[in-house]
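need coordinates for the following:
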Amino acid sequence: MTIDGPTEAFLEMLAAERGAARNTLAAYQADLEGFSAFLRGPASQASAAEIGAYLEALHADGLSARTAARRLSSLRQFFLFLLREGMRADNPAQELATPRLPQSLPKNLSEAEVDQLFVAARAIEGVPGLKTLAGLEILYATGLRVTELISLPAAALATDAAMLLIKGKGGRERIVPLSDAAKDAALALRAGYGNKKPRYLFAGRDPKQPMTRQGFALLLKAAALKAGLDPARLSPHVLRHAFASHLLAHGADLRSLQKLLGHADIATTQIYTHVLAERLQLLVQAHHPLAQG
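Got it, this is the predicted structure:
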């Protein structure tokens with residue numbers, strides 16, 4: 001299908017101004033071409049009613065809500081571009097409701113399973129074992145993202161400070177508390193490097209570079225196998241979820257958790273409300289007079 005002028009201009013903007021990758025551009029182009037095929041005409045001239053009919057057709061064809069939401073997002077950005085460039089006087093996709101997505105709860109680990117991982121990590125020999133244990137201790141104590149973890153400098157956790165300053169997504173800074181166990185594990189890891197002076201606490205093969213996300217994930221998979229857990233259930237992100245869920249289960253509130261996780265919006269933290277609901281239900285069952293047998 002031949003790309004019309006407005007679509008071509010939109011794709012050029014994505015490439016030039018946003019640095020969109022080839023696969024991203026191909027996905028946008030496919031979404032717009034699919035919409036044009038439905039219209040049997042240029043996507044740039046569509047009305048809000050036609051976009052609504054397109055979404056209904058996607059649902060009738062059995063496409064998932066997630067796919068329909070992504071295509072609507074593409075159309076919104078396309079029409080917003082046309083509006084800003086003066087190619088249209090409105091954004092017909094702006095007021096359409098995003099298809100409701102099913103709530104996807106994160107994978108999680110029980111507190112007993114986390115304990116099993118610590119036991120397994122302590123049994124792994126050499127620097128890989130020290131990295132695994134330090135990574136587990138720090139992730140579970142702080143809820144760091146894996147990129148934040150592997151970016152820690154070699155001197156991180158080397159002082160008696162009880163808090164650690166982290167620069168997270170969007171350059172936002174936050175302070176996270178440190179456990180003595182995490183500091184001890186970091187100290188052991190630094191000692192394990194011997195005379196080498198790596199730049200990062202979790203050094204890669206090149207001591208001037210941090211280890212990769214994939215390399216650290218492999219260490220966790222090995223620990224999971226040694227602990228008798230399914231490796232598919234364990235990742236750095238799962239440990240971050242375990243940190244959050246277990247904190248809530250022991251009495252933390254969502255606002256505090258939002259700050260610890262570095263979420264810009266409380267709505268992102270609200271995926272953990274199911275944990276709060278379970279805790280409150282147990283609280284009522286244990287203490288409400290009508291719940292007493």
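
helices and strands of the chain: which one bottoms out on pLDDT?
When each helix and strand of the chain is scored by mean pLDDT, DSSP states H and E, helix 273-287 comes last, with a mean of 63.

neighbours of the residue lying closest to residue 211 once chain neighbours are set aside, how many?
The shortest distance from residue 211 to any non-neighbouring residue, by C-beta to C-beta, 6 or more residues apart in numbering, is to residue 204 (4.2 Å). For glycine as for every other residue, the C-beta is placed from the backbone atoms N, C-alpha and C. Using other C-beta atoms under 10 Å, residue 204 is surrounded by 16 other residues.

so what does residue 204 have for phi and psi?
phi -90, psi -170 (degrees, to the nearest 10).

per-residue pLDDT, residue 207?
Looking at residue 207, its pLDDT stands at 86.

helix, strand or coil: sort out it for me.
coil (DSSP: H, G, I helix; E, B strand; the rest coil).

please verify my assumption that it contacts residue 195.
No: look at residue 207 against residue 195 with C-beta atoms under 8 Å: they stay out of range, at 10.9 Å.

neighbour-wise, which of these two wins?
More crowded of residue 207 and residue 195, by other C-beta under 10 Å: residue 207, with 14 against 4.

give the contact list for the more buried one.
When contacts are counted by C-beta atoms under 8 Å, 6 or more residues apart in numbering, residue 207 touches 193, 196, 197, 198, 199.

check contacts around the second one.
When the contact criterion is C-beta under 8 Å, 6+ apart, the partners of residue 196 are 203, 207.

in the host helix or strand of residue 15, what counts as buried?
Secondary structure from DSSP states H and E places residue 15 in helix 5-17. Under the neighbour-count criterion of 16 or more other C-beta atoms under 10 Å, helix 5-17 has 6, 7, 10, 11, 14 buried.

send me stretch 139-152 as CSV with only the CA atoms.
In CSV, the C-alpha atoms belonging to stretch 139-152 read as follows (Å, rounded to 0.1, in the frame of the first residue of the first chain):
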residue,chain,number,x,y,z
LEU,A,139,17.1,-6.0,45.6
TYR,A,140,14.9,-7.5,48.4
ALA,A,141,16.0,-4.7,50.9
THR,A,142,15.4,-1.8,48.6
GLY,A,143,13.2,-2.7,45.7
LEU,A,144,15.7,-1.3,43.1
ARG,A,145,15.2,-1.8,39.4
VAL,A,146,17.8,-4.1,37.9
THR,A,147,19.3,-1.2,35.9
GLU,A,148,19.7,0.8,39.1
LEU,A,149,21.3,-2.2,40.8
ILE,A,150,24.0,-2.9,38.2
SER,A,151,24.7,0.8,37.9
LEU,A,152,25.8,1.0,41.5
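
what's in contact with it?
For stretch 139-152, using C-beta under 8 Å, 6+ apart, the contacting residues are 114, 135, 138, 164, 166-169, 176-179, 181-182, 200-202, 210-213, 216-217, 236-237, 239-240, 242-244, 247, 260-262.

still on that earlier bit, closest to residue 160 among the buried residues of helix 5-17?
If you rank these by distance to residue 160 using C-beta to C-beta, residue 14 comes first, at 49.0 Å.

pretty sure the closest one sits against residue 29.
No: using C-beta under 8 Å, residue 14 is not in contact with residue 29; the gap is 9.6 Å.

hmm, who's touching the helix holding residue 15?
By C-beta under 8 Å, 6+ apart, helix 5-17 touches 3, 20, 24-25, 28-29, 32, 36, 42-44, 77-78, 81-82, 85, 87.

do stretch 179-191 as well
127, 130-131, 133-134, 136-138, 141-142, 154, 156-158, 201-202.

in PyMOL, select just the buried ones from those.
A single PyMOL command selects the buried members of these (16+ other C-beta under 10 Å):
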select buried, resi 130+131+133+134+136+137+138+141+142+154+156+157+201+202
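
max pairwise distance over the contacts of stretch 179-191: which two?
127 and 142, at 21.6 Å, using C-beta to C-beta across the contacts of stretch 179-191.

after the host helix or strand of residue 133, which helix or strand is next?
If you go by DSSP H and E, residue 133 is part of helix 126-142. Following helix 126-142 in sequence order, the next helix or strand is helix 146-150 (DSSP H and E).

coming back round to it: list the contacts for the residue nearest to residue 211?
210, 211, 212, 215 are the contacts of residue 204 under C-beta under 8 Å, 6+ apart.

filter those residues down to the ones in helices?
Among the contacts of residue 204, the members falling in helices (DSSP state H) are residue 215.

out of the contacts of residue 204, grab the one that's most surrounded.
Result: residue 210 is most packed of these (other C-beta under 10 Å), 23 neighbours.
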